[in-house]
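In: Below is the sequence, then the predicted model.
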2 protein chains.
Amino acid sequence: MWCRTLDLDRGGDLTASIRDVAGRAGVSVGTVSNVLNRPDVVSEATRTRVLDAITALGFVRNESARQLRAGSSRTVGLVVLDIANPFFTDVARGVEDVVNAAGLAMVLCNSDDRPEKEAAHLGLLAEQRVHGVLITPTAELAPQLASLRDRGVPVVLVDRRAPDADQCAVATDDVLGGRLAAEHLLERGHRRIAFVGGHAALPQVQERHAGVVSAVRGVPDAELTVLSPDELSVAGGRDAAARVIGLPAARRPTAAVCANDLLALAVLQEMVRHGVQVPGEFAIVGYDDIDFAAAAAVPLSSVRKPRQELGRRAAELLLDEGRAGHRHEQPVFEPVLVVRESSMVRRDVAADREGAA
Amino acid sequence: MWCRTLDLDRGGDLTASIRDVAGRAGVSVGTVSNVLNRPDVVSEATRTRVLDAITALGFVRNESARQLRAGSSRTVGLVVLDIANPFFTDVARGVEDVVNAAGLAMVLCNSDDRPEKEAAHLGLLAEQRVHGVLITPTAELAPQLASLRDRGVPVVLVDRRAPDADQCAVATDDVLGGRLAAEHLLERGHRRIAFVGGHAALPQVQERHAGVVSAVRGVPDAELTVLSPDELSVAGGRDAAARVIGLPAARRPTAAVCANDLLALAVLQEMVRHGVQVPGEFAIVGYDDIDFAAAAAVPLSSVRKPRQELGRRAAELLLDEGRAGHRHEQPVFEPVLVVRESSMVRRDVAADREGAA
DNA sequence: CACCACGTCTGAATCGTTTCATGGAAGGTG
DNA sequence: CACCTTCCATGAAACGATTCAGACGTGGTG
């Protein structure tokens, strides 16, 4: 009587539904659902019977149906500026940790710093009714972000300050970071300093620039050269390095603060390739302190940000937005300067080598 | 009569449904759906009326409902071994290009080379009824992969040969790659060569190893040292380098082939840090040719694989599996050795004599 | 005039799950 | 024995989109 033919009907079909499971186990669909979601309200006997049917049929829940019913998905979107930049993959790992622990999944989207791609991704995330969105936005905040928030979808900005107090954002004190880097170089005796920053529309880069400016202003005879390559990437860095090398020796900077490590590593490479001693003739400080910074053959000094922690904190805030009594927070992390060989003066390098030996 | 109050009913609600749009535009839900999916069958007048209602209400389609109805989602999953390895982010870009062009989205998952994480991700992808799965699997092929294929979900292996002919896979000829790298070093006069490979369970690494072995066998007085760090990462490379440096000079290799560039860059860094000249005293060849290889201060020789192309081709095969008359393909790309400074200079004569003594 | 074709729109059925009011059986208490 | 709990299981009603058979009106053809 209870071994109905429902499952046989679908014998040729590829996916079993909860109904097939119910048929095979001789129970109602409601009971199967209970086994899946509140096993405690189902008697031991029926529970095992249902579970057996599930494995026998190879049943896999249909997330779409769950989501449709629940009204929102068990997914959060993370939109980053450059997936090829290890900084963002580290952030992503932090996000993933928190989000997975909460039983959610993460969708990683790459905007490539292009507003159209960003908009397209946000559109898809909206259609998917994601649980929330984490984003390092391009220069302008996309209108989609506001409309997502209007719909009640939590949005947390990552590595970017919030424009107002009514949303969460996780940032780094980039003015401080820029200042630390520049002060370090000034202390080492450098007086002609370059700032290598990508297209200056990104507030993060503007802040780093401002920090460098403030440090340089504090030293009477110091001067600053600003270089703005098109991209915050390796290509951009090579570009900037070529321009520095092209300057007449008397005006050529003796050190550079770069807006990120991708730029810094490229500058480093170009300098070495042109026979410019690093740090002897040209010192370099990067930003972000990605793993490759320490692994470079001339280890790169860099302003360290808590990359994974940034992602983790952002994800935590996102999850908290769902809860009642949530208050928006805008934590700002303090960056730390990590001094390595690329910004040491020669005698430091020698001493460092001896110490290591 | 037709300006019903449906939309007002939901005035306090956050998301408008197709029904609200229909109510506001004074048409049926079917017509709204037609406007969205087959605009040509709807008259100009009603179409604009519906579109106006859509913008007025800020209507956004519910993907879950579409998917439920359609039976499968407009998403493909990409599961990689190490999201921190730029090789995989480049593959991901290739995948994204193709997949986005086809109107699908990509979900990027990171298995961290751990079978449990891989299994968990595959489980989620199955629940999401993804359109297909692209995966660089851990050593053993997870049973979930077979069951996905049984369900009719296309699966394409990336950077890995298929075990049999009944599935698509995109691979590189890693035996050739390993051989190219080793032959290059042998030609430069090196006779004691190291192979730095991670845990040898990964077939890709086994192949590279086999290629190196075959090259070394071809030269009578050449010998091979195999180092197996725990991870195919920067940490693993540092480890291996320390072990090389620890060997007595007479037995110490004068060159290394590394199973990927992360390892190679770390070995390079450690050598330089310990005052070992690269390539003068120790030559290094990496594998994958990630961007950071060329950007290293001692530019790294590396076996280049078509990273983006690998991803693109895999995605194309995946999309093709949906079509009738699909035939499984297993393209194998030929790697190319890119010689840069890290392996360029011939080992000097003094070291050669010392080795012979 | 009858008939058909065409263009346009409707309304109900459907996808697979969750939830909830309802019902029945078993066990305990007065 | 009547009554009240407690425990389990049921089945129908959502969720929001798509699809498809059918309805209606208009215009053309024999």
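Out: Thanks, I have it.

In: Got the domain ranges for chain A?
Out: Listed by automatic domain parsing, the domain ranges of chain A are A:6-61, A:72-171+A:308-333, A:174-306+A:337-356.

In: mind putting those in TSV, distance to B:His121, mean pLDDT and mean neighbour count included?
Out: Bear in mind the C-beta positions are built from the backbone N, C-alpha and C, glycine included. TSV is the format used below for these (distance: least, Cβ to Cβ, whole Å; pLDDT from 0 to 100; neighbours: other Cβ atoms under 10 Å in any protein chain shown):
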stretch	distance to B:His121	mean pLDDT	mean neighbour count
domain A:6-61	14	87	16
domain A:72-171+A:308-333	8	95	20
domain A:174-306+A:337-356	23	89	20
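
In: what's the spacing between the residue in the stretch 151-300 of chain A that DNA strand C sits nearest to and A:Arg129?
Out: Nearest to DNA strand C in the stretch 151-300 of chain A, going by Cβ to the nearest atom of the strand, is A:Gly152, at a distance of 17.9 Å. Per Cβ to Cβ, to the nearest Å, A:Gly152 is found 10 Å from A:Arg129.

In: What of A:Glu270?
Out: A:Glu270 is 47 Å from A:Arg129, by Cβ to Cβ.

In: In terms of helix, strand or coil, where does the residue of the stretch 151-300 of chain A closest to DNA strand C fall?
Out: Assigned by DSSP: H, G, I helix; E, B strand; the rest coil, the conformation of A:Gly152 is coil.

In: That one and DNA strand D: what is the separation?
Out: 12 Å (Cβ to the nearest atom of the strand, to the nearest Å).

In: Serialize the domains of chain A to JSON lines and add fields for distance to B:Leu337.
Out: Below are the domains of chain A laid out as JSON lines (distance: least, Cβ to Cβ, whole Å):
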{"stretch": "domain A:6-61", "distance to B:Leu337": "45"}
{"stretch": "domain A:72-171+A:308-333", "distance to B:Leu337": "23"}
{"stretch": "domain A:174-306+A:337-356", "distance to B:Leu337": "20"}
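
In: Go through the ones you listed and name the closest to B:Asp97.
Out: Nearest to B:Asp97, of all those, is domain A:72-171+A:308-333, at 10.9 Å by Cβ to Cβ.

In: Does the closest one reach chain B?
Out: Yes: with Cβ under 8 Å from any Cβ of the partner chain as the criterion, chain B is reached by domain A:72-171+A:308-333 at A:73, A:83-84, A:86, A:89-90, A:92-93, A:96, A:105, A:107-108, A:110, A:120, A:123-124, A:126-129, A:147, A:150-152.

In: Restricted to strands, list those residues.
Out: A:105, A:107-108, A:110 (DSSP state E).

In: Would you reformat the residues you listed as TSV and include distance to B:Asp288?
Out: Shown next, in TSV, are those (distance: Cβ to Cβ, whole Å):
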residue	distance to B:Asp288
A:Ala105	28
A:Val107	26
A:Leu108	21
A:Asn110	20
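
In: Now the two most distant members of the residues you listed.
Out: Across these, the longest distance by Cβ to Cβ is 17.1 Å; it joins A:Ala105 and A:Asn110.

In: Setting the sequence-adjacent residues aside, check what's closest to A:Asn85.
Out: Sequence neighbours aside, A:Leu262 is the residue nearest to A:Asn85 in space, at 5.8 Å (criterion: Cβ to Cβ, 6 or more residues apart in numbering or on different chains).

In: ok, the one you found - contacts?
Out: When contacts are counted by Cβ atoms under 8 Å, 6 or more residues apart in numbering or on different chains, A:Leu262 touches A:85, A:232-234, A:236-237, A:290.

In: Tell me which residue of chain A lies closest to DNA strand C.
Out: In chain A, the residue that lies nearest DNA strand C is A:Ile18 (2.8 Å; Cβ to the nearest atom of the strand).

In: separation between that residue and A:Asn34?
Out: 11 Å.

In: Surely A:Arg74 touches A:Ala105?
Out: Yes: using Cβ atoms under 8 Å, A:Arg74 makes contact with A:Ala105 at a distance of 6.4 Å.

In: Apart from its neighbours in sequence, what residue is nearest A:Ser17?
Out: Excluding the flanking residues, the one nearest A:Ser17 by Cβ to Cβ, 6+ apart is A:Asn62, at 7.2 Å.

In: Near that neighbour, how many other residues are there?
Out: By other Cβ atoms under 10 Å in any protein chain shown, 20 other residues sit near A:Asn62.

In: Tell me the confidence at it?
Out: A:Asn62 is assigned a predicted lDDT (pLDDT) of 96.

In: Spit out the contact partners of A:Leu141.
Out: A:Pro163.

In: Next, it: secondary structure please.
Out: Once three-state DSSP is applied, A:Leu141 turns out coil.

In: contacting residues around the closest residue to A:Glu316 other than its chain neighbours?
Out: Spatial nearest neighbour of A:Glu316, excluding adjacent residues (Cβ to Cβ, 6+ apart): A:Val98 at 5.7 Å. A:Val98 sits next to A:311-312, A:315-316, A:319 when contact means Cβ under 8 Å, 6+ apart.

In: now do A:Asn100
Out: A:Met106.

In: A:Asn85 versus that one, what's the distance?
Out: Taking Cβ to Cβ, one finds A:Asn100 at 22 Å from A:Asn85.

In: Would you map the strands across the stretch 201-350 of chain A?
Out: With strands called from DSSP state E, counting those that start in this stretch, the stretch 201-350 of chain A shows them at A:223-227, A:255-258, A:283-288, A:301-304, A:332-333, A:336-338.
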